[in-house]
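Trainee: Take this sequence and fold it.
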Amino acid sequence: MLLPWVYLQLRASKQLQSLFIWSACCILGIAIGIYTLESAEKVARDLAALTNPGARVPIYLHSLNMWLEKPFLGWDYGSLQVAYITSYSEALSQGSVLPDGLVENLEHPHNELIYWGIEGGLIALAGIALLVIGFLRIIIKQPLWQALALLGLLFPLLLHSQTEYPFYHSIVHWIVFLTLVWYIDSCYSDTKSIRLKYTILLQTFALLIPLLTTLFMLTTLHSTKLLWFFERTGHRHITLLTKISNPVAWSNRIEWDAMMYRLNIALEKNDITELNNYMTWAAETSQRTPRANIYTNWVRVLIKLGQDEEAKVLLQQTLLLYPTNKSLQNLYASQADRTQPQ
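Mentor: As a prediction, this is how the structure comes out:
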């Protein structure tokens, strides 16, 4: 998409040899990439693996059905995890879908438009459409070769957003995307300039934002290291969690780890109060961030409290949500063996 613009620019400046050098480097890079994919042990993949979409196709198909079920307002913002696992498990129990698309911890459907369509419905999609229309109005006014080049700047991120979730996963991608849109808009559309007399506030933010961001990221790395050690040592050394300097970046994970520590102690000491506290926490957390291990521990608590019937019902309901989860299947099998008459 950039080649026509590059060719015309270099031809005008009589530097076409630079185009051939650049093209040769691109061909060389592609050749090295293809050779690496076929030969390197750690990344070698055959054609079948490279062309296999994995769970994306069933995810896309079911997500489309979810959007059609609530097309206007969507399923509510922040509800994708709960809505998807519940909806897909129900469809799976009815035999209308295959297990391939049942992703237990799906936070994003690997497609930005589908994501906003599910959570926000047509209202969210209409907002995106307005932005697209405004951008295309700038593009169509340019000569074809220049329009292709401008679209080429955004195309990698746009394509990636339709097969993965770069904007959800990385703030850097989102900033780069917005910067490119701003650059194109400022260069190729009518703009008005406003001169500010007092810029001390902008200068202050220009200094503070990089400093605070650097501090935040460094403390996040330190917190990640402590979390890693805590989880690898079996959730035993609670002092590691008390040393975390930045709990914001890993708030959910810290909360889960802390509850696992409290649960293990409560199971050992038969602390009824703490066991009930875990069940309350599990009931609330599973409504916003469902996880199979939370349900598994919930069942364990009910069994510990002697509430076998409640444990059986919860386990059966959980298996409907996670029918392919091995830990839940093993727990169900062990419970079935325990309750069988000798």
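Trainee: Contacts only, for the closest residue to residue 278 other than its chain neighbours.
Mentor: The spatially closest residue to residue 278, leaving aside those adjacent along the chain, is residue 263, at 5.1 Å (Cβ to Cβ, 6 or more residues apart in numbering). All C-beta atoms are positioned from the backbone trio N, CA, C, and that covers glycine. For residue 263, the contacting residues are 274-275, 278, 297, 301, by Cβ atoms under 8 Å, 6 or more residues apart in numbering.
Trainee: do residue 314 as well
Mentor: By Cβ under 8 Å, 6+ apart, the contact set of residue 314 is 295, 298-299, 302.
Trainee: what do you get if the cut-off is 6 Å, keeping everything else the same?
Mentor: residue 299 (Cβ atoms under 6 Å, 6 or more residues apart in numbering).
Trainee: Let me know the distance separating residue 300 from residue 320.
Mentor: Going from residue 300 to residue 320 by Cβ to Cβ, to the nearest Å gives 19 Å.
Trainee: Have a look at the two and say which one is more surrounded.
Mentor: residue 300 (16 against 12; other Cβ atoms under 10 Å).
Trainee: just to revisit the earlier point, which pair of the contacts of residue 263 spans the longest distance?
Mentor: Distance extremes for the contacts of residue 263: the farthest pair is 274 and 297 at 12.3 Å, using Cβ to Cβ.
Trainee: And the two? Which one has more around it.
Mentor: Neighbour comparison, residue 274 and residue 297: the larger count goes to residue 297, with 19 against 16 (by other Cβ under 10 Å).
Trainee: Now that one: closest residue in space that isn't a chain neighbour?
Mentor: Residue 297 sits nearest to residue 263 (Cβ to Cβ, 6+ apart), 5.9 Å away.
Trainee: Okay, and that neighbour sits in which element?
Mentor: When elements are assigned from DSSP states H and E, residue 263 belongs to helix 251-269.
Trainee: Show me what counts as buried in that helix.
Mentor: Residues of helix 251-269 classed as buried: 254, 256-263, 266-267 (neighbour count, 16 or more other Cβ atoms under 10 Å).
Trainee: With stretch 178-193 instead?
Mentor: Under 16+ other Cβ under 10 Å, the buried positions of stretch 178-193 are 181, 184.
Trainee: average pLDDT across it?
Mentor: Here stretch 178-193 scores 88 as its mean pLDDT.
Trainee: Check stretch 130-140 too.
Mentor: Mean per-residue pLDDT for stretch 130-140: 93.
Trainee: Distance from that stretch to the middle of the chain?
Mentor: Chain-centre distance of stretch 130-140: 27 Å, with Cα atoms, centre = their mean, to the nearest Å.
Trainee: Distance of the residue nearest to residue 278 relative to residue 293?
Mentor: Distance of residue 263 to residue 293, computed by Cβ to Cβ: 11 Å.
Trainee: so how far is the first residue of stretch 280-299 from its last?
Mentor: 13 Å (Cα to Cα, to the nearest Å).
Trainee: Now it: average pLDDT?
Mentor: Stretch 280-299 shows a mean pLDDT of 91.
Trainee: buried sites along that stretch?
Mentor: When burial is assessed from 16+ other Cβ under 10 Å, stretch 280-299 yields the following buried residues: 281-282, 285-286, 289-292, 294-299.
Trainee: what comes into contact with that stretch?
Mentor: The contact list for stretch 280-299, computed with Cβ under 6 Å, 6+ apart, reads 82, 85, 104, 259, 263, 311, 314-315, 318, 322, 325, 327.
Trainee: For residue 19, state which of the buried residues of stretch 280-299 is nearest.
Mentor: Among the buried residues of stretch 280-299, residue 289 lies closest to residue 19 (Cβ to Cβ), at 51.4 Å.
Trainee: Downstream of the lowest-mean-pLDDT helix or strand in the chain, the next helix or strand is which one?
Mentor: Scoring the helices and strands of the chain by mean pLDDT, DSSP states H and E places helix 47-51 at the bottom, with a mean of 67. Downstream of helix 47-51, the first helix or strand assigned by DSSP H and E is helix 56-69.
Trainee: The very next helix or strand once past that next one to helix 56-69, inter-axis angle?
Mentor: Sequence-wise, the next helix or strand downstream of helix 56-69 (DSSP H and E) is helix 80-93. Here the directions of helix 80-93 and helix 56-69 differ by 100 degrees (axes from the mean of the first three to the mean of the last three Cα atoms, to 10 degrees).
Trainee: Pull out the buried residues from helix 80-93.
Mentor: By neighbour count on 16+ other Cβ under 10 Å, the buried set for helix 80-93 is 80-85, 87-89, 91-92.
Trainee: Look at residue 190 and give its secondary structure.
Mentor: Classification of residue 190 using DSSP: H, G, I helix; E, B strand; the rest coil returns coil.
Trainee: do you know how far it is from residue 141?
Mentor: Taking Cβ to Cβ, one finds residue 190 at 10 Å from residue 141.
Trainee: and the helix holding residue 263, how far out from the chain's middle?
Mentor: Its chain's average C-alpha position is 25 Å from that of helix 251-269, according to Cα atoms, centre = their mean.
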